[in-house]
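Asks: could you look at this predicted model? Sequence included:
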Amino acid sequence: MTDLQVSSMPQNFPPDFVWGVATSAFQIEGGAQLDGKGPSIWDRFCQQPHVIADASHGLVACDHYHRWQDDVKMIHGLGVDAYRFSISWPRVQPLGQGAWNTQGLDFYDRLVDALLAHNVSPSVTLNHWDLPDALQQTGGWANRETVHHFVEYAQGVARRIGDRVSALTTHNEPWVVAHLGHESGIFAPGIKNRATASQVSHHLLLSHGLALQALRADRQQAQLGIVLNLAPMHPATDSAEDQAKTKLEDGLLLRWYLDPIFNGAYPEDVLEHLGRDAPQIQSGDLAAIGQTLDFLGVNYYSRSVVSAKGTWDVKQSGLPLTDMSWEVYPQGLTELLLRLKKDYPVPPIVITENGAAFVDDFQNGRIKDTQRTSYLRQHIAAVSSAMKQGVPVVGYMVWSLMDNFEWASGYAKRFGIVHVDYETQQRTLKDSAIWYREFLTAQKAQRNLDRPAEKSLAAEKQTATGDR
Ligand code: GCO
């Protein structure tokens, strides 16, 4: 059937390694105006002309808000251990502060229970970009008050579902919110101001740290972490200019987030580069940001090639490109993971997103997305290679469970391992989903081989120590 080759896949994943699929609320839910949900900045952004490639919006998306029960069955059918999804803040707290929307909370409560009933661990992201629009009206993430509203929101959600979820992530990809949302302005809220963007990045990090403190004060049992989008940066040439630019880009994307979280300070070279656009930081902020993480989520898609003059053309490398024009560069994931371990005291790492958009050829009810399957195989092998070299990776999630609203690209780019027909909302497993299912079956067979041995060892130990 598919290009399975499951047997040739790495087998060194430990029995408790967590395999998953990921989505986010705005990209799949729809139900944008239903049951008391307030508008988010993405609802508003989509109303502006020329910002979404296909002029689409999230009003219906994958209609997951109505189809969640079938979607949970589908997730279960893939044989994954975990499902990473996000909570729409304005669905549960329409104004971003104060009153809670019971119907919104009930939706996620039922989703969590249904996942558990199907033996799938819920992994919850609190902020996957859809800030309540009401908070944007008072400055959004640029306003320090939003930090405190986020902490209240995190606590409210955790008090409702935290007893049943395996992981709680504060933010997904703060760089995207800060930079694409407030500097280049190609994402909501569409602001173009570097000083605002750097202030936003600081507030996101601060709210992450304060939320972790608050959740721990509440004795939340879920694993707590943050998700960063990271890529190795390679200079286009050996020239001093390209190398200097590469170091700066590495500072802006990686060290700006990793240094304060793990080393308690923003990188000096980036602060200097930002000059007057550097954020206002109050005393105590950095200590708050540097909370211990239970896990670090890493989203990886490709590397970045940096040229000082901006003359690098991605076609130059001759590597295969995805439909986003991103190079397929699996060795970059191994390189990135090794670097994280070398430079930072990293906690267990979860690859929270990895996947690719390709133009899918739907033929006779079947999608032979061999490029996506091969992308996933190569990247899983890249994770395995990093683990063999000592990087503590504990999970891997495919982005994405199903085709969905790809932000400024609208519905034109398809990242799913499941195809969505947006006219009928029919879901069809692509060959990559079938491959992933087979791969997970093989992993489980391996686990079962591993486990009895473990058990008998444990039993032996018990007998030896008389410990019951
Ligand atoms: C991301 C986003 C996803 C995107 C994906 C592909 O975290 O960047 O979580 O929402 O769809 O990355 O661009």
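Replies: Everything's here; your move.
Asks: who are the contact partners of the closest residue to the ligand within the stretch 101-250 of the chain?
Replies: Nearest to the ligand, among the residues of the stretch 101-250 of the chain, is Glu173, at 4.6 Å (CB to the nearest ligand atom). Backbone N, C-alpha and C define where each C-beta goes, glycine included. Residues in contact with Glu173 (CB atoms under 8 Å, 6 or more residues apart in numbering) are Trp129, Val227, Leu228, Asn229, Asn299.
Asks: the fourth one against Gly297, yeah?
Replies: No: between Asn229 and Gly297 no contact is recorded; they are 9.6 Å apart, counting by CB atoms under 8 Å.
Asks: more neighbours: which of those two?
Replies: Gly297 (28 against 19; other CB atoms under 10 Å).
Asks: the helix or strand that one falls within and the ligand in contact?
Replies: Counting by DSSP states H and E, the element that carries Gly297 is strand 295-299. Yes: part of strand 295-299 sits near the ligand under the criterion CB under 6 Å from any ligand atom, namely Asn299.
Asks: and that strand, average pLDDT?
Replies: In this model, strand 295-299 has a mean pLDDT of 99.
Asks: can you list contacts of whichever helix or strand comes after it?
Replies: Scanning forward in sequence from strand 295-299 by DSSP H and E, the next helix or strand is strand 304-306. By CB under 8 Å, 6+ apart, the residues outside strand 304-306 that reach it are 231-236, 242, 245-246, 249, 253, 312, 314, 317, 327.
Asks: just stretch 256-273 next, same as before
Replies: 174-175, 201, 205, 226, 228, 247-248, 251-252, 255, 278, 281, 286-287, 289-290, 293, 340, 343-346.
Asks: the same query, at a cut-off of 7 Å, please.
Replies: 174-175, 201, 205, 228, 248, 251-252, 255, 278, 286, 289-290, 344-345 (CB atoms under 7 Å, 6 or more residues apart in numbering).
Asks: and it, how far out from the chain middle?
Replies: For stretch 256-273, the gap between its own C-alpha mean and the chain's C-alpha mean amounts to 22 Å (CA atoms, centre = their mean, to the nearest Å).
Asks: ok, now stretch 111-121?
Replies: Using CA atoms, centre = their mean, the offset of stretch 111-121 from its chain centre is 20 Å.
Asks: tell me the average confidence for that stretch?
Replies: In the prediction, stretch 111-121 has an average pLDDT of 98.
Asks: ok, the contacts of strand 304-306 vs Thr352, which is closest?
Replies: Ala231 (14.3 Å; CB to CB).
Asks: so that closest one touches Trp326, yeah?
Replies: No: between Ala231 and Trp326 there is no contact under CB atoms under 7 Å: 9.5 Å.
Asks: tell me which of these two has more neighbours.
Replies: Ala231 (22 against 18).
Asks: give me the number of neighbouring residues for the residue nearest to that one when sequence neighbours are not counted.
Replies: For Ala231, ignoring the flanking residues on the chain, the nearest one in space by CB to CB, 6 or more residues apart in numbering is Ser304 at 4.9 Å. Ser304: 18 surrounding residues under other CB under 10 Å.
Asks: still on that earlier bit, can you tell me which two in the contacts of Glu173 are farthest apart?
Replies: It's Trp129 and Leu228 that sit farthest apart of the contacts of Glu173, by CB to CB, at 14.0 Å.
Asks: could you list the buried residues of stretch 163-181?
Replies: Applying a neighbour-count criterion of 16 or more other CB atoms under 10 Å, one finds 164-181 buried in stretch 163-181.
Asks: the ligand contacts on the stretch 101-250 of the chain?
Replies: So the stretch 101-250 of the chain meets the ligand at Asn172, Glu173, Val176, Asn229 (CB under 6 Å from any ligand atom).
Asks: strands - which of the residues you listed land there?
Replies: Counting by DSSP state E, those place Asn172, Asn229 in strands.
Asks: shaky segments in the stretch 151-300 of the chain?
Replies: Across the stretch 151-300 of the chain, nothing is flagged by pLDDT under 70.
Asks: helices of that one, start to end?
Replies: 174-175, 181-182, 194-217, 240-250, 256-263, 268-274, 285-289 (DSSP state H, counting those that start in this stretch).
Asks: tell me the most buried of those helices?
Replies: Among those, ranked by average contacts under mean count of other CB atoms under 10 Å, first place goes to helix 181-182 (a mean of 27).
Asks: packing partners of that helix?
Replies: The contact analysis (3 or more CB pairs under 7 Å, 6 or more residues apart in numbering; DSSP states H and E) places helix 181-182 against helix 194-217.
Asks: contacts for the helix it packs on next, please.
Replies: Residues from elsewhere that reach helix 194-217, judged by CB under 7 Å, 6+ apart: 141-142, 144, 146-147, 150-151, 154-155, 158, 168, 170-171, 174, 177-179, 182-183, 224, 226, 256-257, 260, 274, 277-281, 285, 288-291.
Asks: what sits up against stretch 379-396?
Replies: Here stretch 379-396 has contacts from 9-10, 12-13, 17-20, 82, 295, 330-331, 333-334, 337-338, 341, 346, 348-351, 354, using CB under 7 Å, 6+ apart.
Asks: tell me which of those residues fall in strands.
Replies: Those of the contacts of stretch 379-396 lying in strands (DSSP E): Val18, Trp19, Gly20, Ala82, Phe295, Ile349, Val350, Ile351.
Asks: what about Gly410, how many neighbours?
Replies: Other residues close to Gly410 by other CB under 10 Å number 17.
Asks: let me fix that, I meant to ask about Pro232.
Replies: 23.
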